[in-house]
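1. below are the sequence and a predicted model for it; my questions follow.
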Amino acid sequence: MIMKRAFNLLFFVLLAIAAQGQAKYVFYFIGDGMGLNHVNGTEMYLAALQDGRIGREPLRFTQFPVGSMATTFSASNPVTDSSAAGTALATGVKTKNGVIGMDKDLNPVNSVAHRAKNTGKKVGVATSVSVDHATPAAFYAHQPRRNYYYEIANDLIASDFDFYAGAGFLKPETTFDKKDAPNIFTLFDESDYTVSYGYADYNGKKGDAKKMILIQPDEKDKYSLPYAIDRDEDDLTLPQITEAAIDFLYKGKGKSNGFFLMVEGGKIDWSSHSNDAATTFQEVIDFDLAIQEAYQFYLKHPKETLIIVTADHETGGLSLGGNRYNMELSVLQHQLPSVDKLSNMLTNLRKQENVTWEDIKQLLASQMGFWTELPISWDQEKRLRDEYELTFVNHKEGFEESLYSRTEPLAARAKEIMNEMAMVGWAHGSHTAGYVPVYAIGPGSELFTGVMDISDIPMKISKAARYK
């Protein structure tokens, strides 16, 4: 009798899994640097904006029916970098920090995107940073160092994937050993890739394009899209990129055979390296808006669409709450620019003659809300005033360095005071070994329950989608 009940239970479990069907359309979202507190903090920040409500205002992806977490260590260190983590997320193989799409012995390994292509799916790789950056590169390239940008771009051509998008390419005609090489855009053209410069240009070219590369216009930054908090109307955005990718991959063979799309929210990591809480939470919100594009597609094809959301590692050691059992995340709404943009404003102000303390106060009041919206203490004002005296009066600049930015010291002090007011803490400006979240919805999402490693995720995707 017991055996019969066990058999019946197993039968119904297998029947339920089978009823969900195969994942024909797969979305793989990676929030670079997005740890558990990045998600929790963003939701609590959104709740605090609603009349100071205590609690959380859920993001779309945290409402998915499956939620878990994953470890992130690399083959060479308990704390991974983005290339080793990207390789684990892409291929299911652990490798050394700094390596792209190769195992720890530097043997090339194919990604889940390659498996999807081999199964007849259309494939897209998209990011909010450069297309040849570590995480997107891990899905199509095989290089021993993450900074082999020209060689990585050549691997893009060899992959023959259908859609790429991001800010641009960092070394379009210079090899890793600083030798001149054929311009990568010429090679793209020879390989039947249409290059679109911005969202409007994409819409004008998509009809005739066999394969697409969508990047920012020439006058824009090739390293990354602007932070969401700094965005201008004509800037390319991650939600736009996601919408364009769906549009391009679904047409023709993608509709009948299905597709695989990886989208990276790369600048969550960058703002976390800078310990910029307000900018970080806005980046997570923007990442969620990109996911909502996929979710709208899921609502039209719920039995065939799998969406996975995770991260490659946590950045910054983000903590929520001060030493008085308190937190005031609503103050972050008064920070209008990223710390990087505030730093640029201060650099431009420095070019003027006889910059006064009142000039500094006016800038910080308009951009950070200090004195006008946010009363600051005597000690906080003294720290700002001392930095002004040191850097503007005595001209001892001493820019502060993080992985992706050089920050005016006065901007760094303003950021620290904003974090103090919000009672948000950071351990440092690098990666940690903390857990990262995993969320899933759609056929095969039941595979993503329980604590896992990030290297397990592409294997589970391949199983859900039955990739070769």
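-> Now that the structure is in, tell me what you want to look at. Numbering: from 1, shown residues only.
2. the helices in the stretch 101-250 of the chain, which residues?
-> Counting by DSSP state H, counting those that start in this stretch, the stretch 101-250 of the chain has helices at residues 112-118, 134-137, 149-159, 184-190, 199-205, 238-250.
3. what's the most buried one of these?
-> Highest mean neighbour count among the helices of the stretch 101-250 of the chain (mean count of other C-beta atoms under 10 Å): helix 134-137, with a mean of 29. No exception for glycine: its C-beta is placed from N, CA and C like everyone else's.
4. how near is residue 279 to residue 97?
-> According to C-beta to C-beta, to the nearest Å, residue 279 and residue 97 sit 26 Å apart.
5. would you turn the helices of the stretch 101-250 of the chain into TSV with distance to residue 385 and mean pLDDT?
-> Formatted as TSV, the helices of the stretch 101-250 of the chain follow (distance: least, C-beta to C-beta, whole Å; pLDDT from 0 to 100):
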stretch	distance to residue 385	mean pLDDT
helix 112-118	53	98
helix 134-137	40	98
helix 149-159	43	97
helix 184-190	49	97
helix 199-205	44	96
helix 238-250	39	98
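6. out of those helices, the one nearest residue 441 is which?
-> Set against residue 441 and scored by C-beta to C-beta, the helices of the stretch 101-250 of the chain come closest in helix 238-250, at 15.8 Å.
7. thinking again about what came up before, neighbour count for residue 279 and residue 97, which is higher?
-> residue 279 (27 against 18; other C-beta atoms under 10 Å).
8. distance of the more buried one relative to residue 415?
-> Counting by C-beta to C-beta, the gap from residue 279 to residue 415 is 9 Å.
9. which residues do these two both contact?
-> Contact with both residue 279 and residue 415 is made by residues residue 339, according to C-beta atoms under 8 Å, 6 or more residues apart in numbering.
10. so what's the residue nearest the centre of the chain bridging to?
-> The centroid of the chain falls nearest to residue 265 when counting by C-alpha atoms, centre = their mean (1.9 Å). Counting by DSSP bridges, residue 265 forms beta bridges with residue 31.
11. so it touches residue 31, yeah?
-> Yes. With contact defined as C-beta atoms under 8 Å, residue 265 reaches residue 31; the gap is 4.6 Å.
12. for the stretch 201-350 of the chain, what are the low-confidence residue spans?
-> For the stretch 201-350 of the chain, applying pLDDT under 70 flags no range at all.
13. do the stretch 351-468 of the chain as well
-> Across the stretch 351-468 of the chain, not a single residue meets the criterion (pLDDT under 70).
14. that older thread, how close does the residue nearest to the centre of the chain sit to residue 241?
-> The value you get for residue 265 to residue 241, if C-beta to C-beta is used, is 11 Å.
15. so what sits against both of the two?
-> Common contacts of residue 265 and residue 241 (C-beta under 8 Å, 6+ apart): 128, 290.
16. residue 343 falls within a helix, correct?
-> Yes. With DSSP: H, G, I helix; E, B strand; the rest coil as the criterion, residue 343 is part of a helix.
17. show me the contacts for it.
-> Residue 343 makes contact with 405, 406, 407, 408, 411, 412 under the criterion C-beta under 8 Å, 6+ apart.
18. and the nearest residue to residue 385 once chain neighbours are set aside, how far from residue 324?
-> Among residues not flanking residue 385 along the chain, residue 357 sits closest, at 6.4 Å (C-beta to C-beta, 6 or more residues apart in numbering). Separation of residue 357 from residue 324 (C-beta to C-beta): 31 Å.
19. neighbour-wise, which of the two wins?
-> Shown here are residue 357 and residue 324; by other C-beta under 10 Å, residue 357 has more neighbours (13 against 7).
20. against residue 386, how distant is that one?
-> Using C-beta to C-beta, we find residue 357 at a distance of 11 Å from residue 386.
21. how about residue 457?
-> 48 Å.
22. how long is stretch 403-412 from one end to the other?
-> End-to-end distance of stretch 403-412 (C-alpha to C-alpha, to the nearest Å): 14 Å.
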